[in-house]
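# Okay, here's the prediction I keep looking at, along with the sequence it came from:
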Amino acid sequence: MQTILRSIGSAFLLGILVLTVVTNVAIAPAQAALRQLEEAPGQIVYQSRQTLKDQQGNSWQAIAFKRTHLAKKATIYLRIVGFPGTAELDHSQPLTLTDSLGKTLTATDISQEMFADKTQIELNAAEYDLQPILMQLELGIPLQLSLPTLDQAEITLNVSPEVVEEWQSLTEST
């Protein structure tokens with residue numbers, strides 16, 4: 001009898017522990033995981049790094065970042081990087097951002113600013129000016145990024161509402 005009561009007590013305590021953990025995880029507020037780096041005196045970079053999957057299951061790094069400098073206005077960019085050989089991105093075309101409600105925005109490709117040697121732009125990486133459109137993105141709505149390519153159909157990356165919120169939080173970082 002005592003063994004049965006211990007088993008019931010243990011199961012009850014385990015149930016309370018699981019319920020507490022699940023409740024805390026379910027209602028915990030979304031916290032931005034922004035990184036802050038000092039590149040040079042007076043020049044700070046705030047960045048959000050995410051790994052996104054395309055329609056073929058390939059991984060892409062999506063790095064939204066804001067560079068602040070004492071003498072320049074801060075702007076927000078989105079850098080997309082795939083593994084070499086995954087795809088050849090078309091730097092003459094903008095990035096297309098479409099939400100699940102059908103709203104479409106575009107971001108200008110500024111990849112030439114990303115590379116010191118302007119003649120050697122990597123085709124598996126691109127950088128886009130996110131500043132003009134970032135606050136037009138709706139919170140709480142999934143987003144699709146359409147990357148134009150030279151060698152195949154567009155590559156689609158799905159972005160969760162939490163990532164969009166994290167990107168928008170870059171506007172608040174000092």
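Alright, I've got the coordinates.

# ok, and the closest non-adjacent residue to the spatially most central residue of the chain?
Among the residues of the chain, the one closest to the centroid is Gln50, at 4.3 Å (CA atoms, centre = their mean). Nearest residue to Gln50, sequence neighbours excluded (CB to CB, 6 or more residues apart in numbering): Ala62, at 4.7 Å. For the C-beta atoms, the positions are set from N, CA and C on the backbone; glycine is no exception.

# now swap in Thr96 and tell me
Spatial nearest neighbour of Thr96, excluding adjacent residues (CB to CB, 6+ apart): Ser146 at 4.1 Å.

# follow-up on the earlier one: show me what the residue nearest to Gln50 bridges to in the sheet.
On the basis of DSSP bridges, Ala62 is bridged to Gln50, Ile80.

# what about it, how many residues close to it?
18 (other CB atoms under 10 Å).

# Quick check: Gln61 touching Lys53?
No: using CB atoms under 8 Å, Gln61 is not in contact with Lys53, being 11.4 Å away.

# who touches Ser48 in this structure?
32-35, 63-65, 163, 166-167, 169-170 (CB atoms under 8 Å, 6 or more residues apart in numbering).

# what's the burial count for Leu145?
22.

# do the one 10 residues further on as well
Summarising burial for Ile155: neighbours were counted as other CB under 10 Å, giving 20.

# show me the residues around the nearest residue to it once chain neighbours are set aside that make contact.
Excluding its sequence neighbours, the residue lying closest to Ile155 (CB to CB, 6+ apart) is Leu147, at 4.2 Å. Contacts were defined as CB under 8 Å, 6+ apart; by that measure Leu147 touches 80, 87, 89, 95, 126, 154-157.
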